[in-house]
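> need a 3D model of the sequence below.
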Amino acid sequence: MPHSDTTHASPALTARPLLPQRLPLRLQDLPPAAARFCLRVGDFLTGELLRGATPDNGIPAHAQPGGTAEAQPSPVSGLRLVIGVSGGADSLCLLLVLRWLAPRLGLRLHAAVLDHGLRPESADEARAVAALCRRLGVPCRVQRADVSDLAARECCGLEDAGRRARYAFFEAERQRTGADWTCTAHQADDLCEDVLLRLVRGTGWPGLGGMAAMDPARRILRPLLTTERRDIDAFLADLGVQPVRDPSNADPAYRRNRLRHQVLPLLRAENPALGEAVCSLWELARCDADYWSRHLAHAQAGHADGERGADAPPRPAATHDAACATPPHASPVAPPQCILLPGRTLRGLHRAARLRLYKRMLDRLGPGQPLAASLMDLDAAWHAGRGGACVQFPGGKTARVIPVSDSNAGCREDAGGIEFRAPAPLPGQQEQN
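Down below sits the predicted model:
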């Protein structure tokens, strides 16, 4: 079981990560290049929050479309953010940038540090990050997790176990502190790797565009997602900041590391602006996803799908994404166990719309990127009327074509459909991407 360490560690610990003795605490005192870097990140963060603004996402009323509150210095003033910090370059950059932006944007910050317990020096590094946070005036909580034990118990790899432990801890801290969002330090190089990983797995469009900068369902923000690692390294170097270097990031045993150190350099040799190209792909993908989300919601209007728990009878479900209505301090929305997509919703839709509608239903059941080939197999089965055909998807999810005779429909137009089902969760189980 993970246990908490005090953040009031002795100052005589290993001094890593290192900050210069005279690090400015105000944005206006930074070197011009560093200040511009911070402002670019702030503009991206504010833009993402306003783009996804809903009455329940923690953004003040004046930032909502049609809001009537008087203007404030920042449209996101008052937001509370938990920052996941490891002491590595990316998370240290995120901590510093948000610390310098906090007075300007009206943000309230809290740092969360998870010691994975995989290296002898990890405990000292976690305490050093806590000491750094105290110096910056950012409240911090450190917790230790036995990731090796978790991997053995969950029958998964160390990388997957570490990810599960991190997100579980970050979400627990978000709820404990009453924060609106958790901020992670994924940046543009991570986005490149994510796109390649999805391509290798066979993910379809627009999921091929990579991770989202804003995940309302899990209350996660990624403010650095379009910032390249070389710019982060230059930012830290200009300030004299020395981050922790985790040797596991160079271990070729992990697929992500092989892509990072072997494949991406070859692609950058062909196109030095690869990061910009991937960010353009990402922007096009989410533009496409936004369009299809609205189009499919309209297509479903009047043909509400049924959502139910493991044993509950079907009930009508709203056609908008429930994730967007998540109260800011509540747990992430519990996904349904089963969704029924009636045949009358599918009939008359173009194949492109049907494929995206299948993905929409699967996404509502929980994590796991569906493969394009599996989506096409499902569509072929439905189009051919192969009642009872079942297709498996990542995350233990399934989709079954419902025979006309099983639909209890009053007329053939309403007959059949597809039942999407998630595996029943184990007691206390929480899955993370």
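
> alpha carbons only for contacts and neighbour counts from here, please
Fine.

> surely I83 meets H110?
Yes: between I83 and H110 there is a contact at 6.1 Å, judged by C-alpha atoms under 8 Å.

> compare these two and say which one has the larger neighbour count.
Each of I83 and H110 has its neighbours counted (other C-alpha atoms under 10 Å); I83 has more, 28 against 22.

> in terms of helices and strands, where is the more buried one?
Under the criterion of DSSP states H and E, I83 resides in strand 80-84.

> in its sheet, what does that strand sit against?
When pairing is defined by DSSP bridges, strand 80-84 lines up against strand 108-115 (parallel), strand 181-183 (parallel).

> now the helices: where do they sit in the stretch 51-200 of the chain?
Counting by DSSP state H, counting those that start in this stretch, the stretch 51-200 of the chain has helices at residues 89-105, 122-136, 147-154, 158-177, 188-201.

> which residues touch L196?
L259 (C-alpha atoms under 8 Å, 6 or more residues apart in numbering).

> separation between it and P265?
13 Å (C-alpha to C-alpha, to the nearest Å).

> could you do W181 as well?
For W181, the distance to P265 equals 34 Å [C-alpha to C-alpha].

> tell me which of these two has more neighbours.
Neighbours were counted for W181 and for P265 using other C-alpha under 10 Å; W181 has more, 26 against 14.

> the more buried one contacts R219, correct?
Yes: assessed by C-alpha under 8 Å, W181 is found in contact with R219 at 4.9 Å.

> surely G78 meets R104?
No: G78 is beyond contact range of R104, at 11.0 Å (criterion: C-alpha under 8 Å).

> so who does the nearest residue to R400 once chain neighbours are set aside touch?
Leaving aside its sequence neighbours, R400 sits nearest to C390 (C-alpha to C-alpha, 6 or more residues apart in numbering; 4.3 Å). By C-alpha under 8 Å, 6+ apart, the contact set of C390 is 378, 398-401.

> separation between C390 and L357?
According to C-alpha to C-alpha, C390 and L357 sit 17 Å apart.

> for the residue nearest to C338 when sequence neighbours are not counted, list the residues it contacts.
Leaving out its chain neighbours, the residue that sits closest to C338 by C-alpha to C-alpha, 6+ apart is R421, at 4.3 Å. Contacts for R421 (C-alpha under 8 Å, 6+ apart) come out as 337-339, 365, 397-399.

> now the end-to-end length of stretch 241-254.
Terminal residues of stretch 241-254 are spaced 28 Å apart (C-alpha to C-alpha).

> go on, stretch 178-197?
OK, stretch 178-197 end separation, C-alpha to C-alpha: 34 Å.

> mean confidence for it?
Across stretch 178-197, pLDDT averages out at 96.

> what are the buried residues along that stretch?
Across stretch 178-197, burial judged by 16 or more other C-alpha atoms under 10 Å covers 179-197.

> just say helix, strand or coil for P272.
What DSSP: H, G, I helix; E, B strand; the rest coil gives for P272 is coil.

> how close does it get to D190?
16 Å.

> let me see the domain layout of this protein.
Domain ranges of the chain: 3-186+222-250, 299-421, per automatic domain parsing.

> that older thread, among the contacts of C390, which lie within helices?
Counted as lying in helices by DSSP state H, out of these, are L378.

> now, the contacts of C390 that are in strands?
398-401 (DSSP state E).

> before we move on, the earlier item: quick check: the residue nearest to C338 vs L296, distance?
Note on R421: its distance to L296, by C-alpha to C-alpha, is 20 Å.

> between helix 188-201 and the helix or strand containing C279, find me the angle.
Per DSSP H and E: C279 is located in helix 274-300. Angle of helix 274-300 versus helix 188-201, following axes from the mean of the first three to the mean of the last three C-alpha atoms, to 10 degrees, is 60 degrees.

> show me which positions of helix 274-300 end up buried.
Neighbour-count burial for helix 274-300 flags 274-276, 278-279, 281-283, 285-286, 289, 292-293, 296-297, 299-300 (criterion: 16+ other C-alpha under 10 Å).

> helices along the stretch 201-350 of the chain, start to end?
Secondary structure of the stretch 201-350 of the chain, counting by DSSP H, counting those that start in this stretch: helices at 229-239, 255-258, 264-270, 274-300, 343-346.

> can you check which of these gets nearest to Q369?
When these are compared by C-alpha to C-alpha, helix 274-300 sits nearest Q369, at 14.3 Å.

> okay, now R364: neighbour count?
For R364, the count of nearby residues is 22 (other C-alpha under 10 Å).
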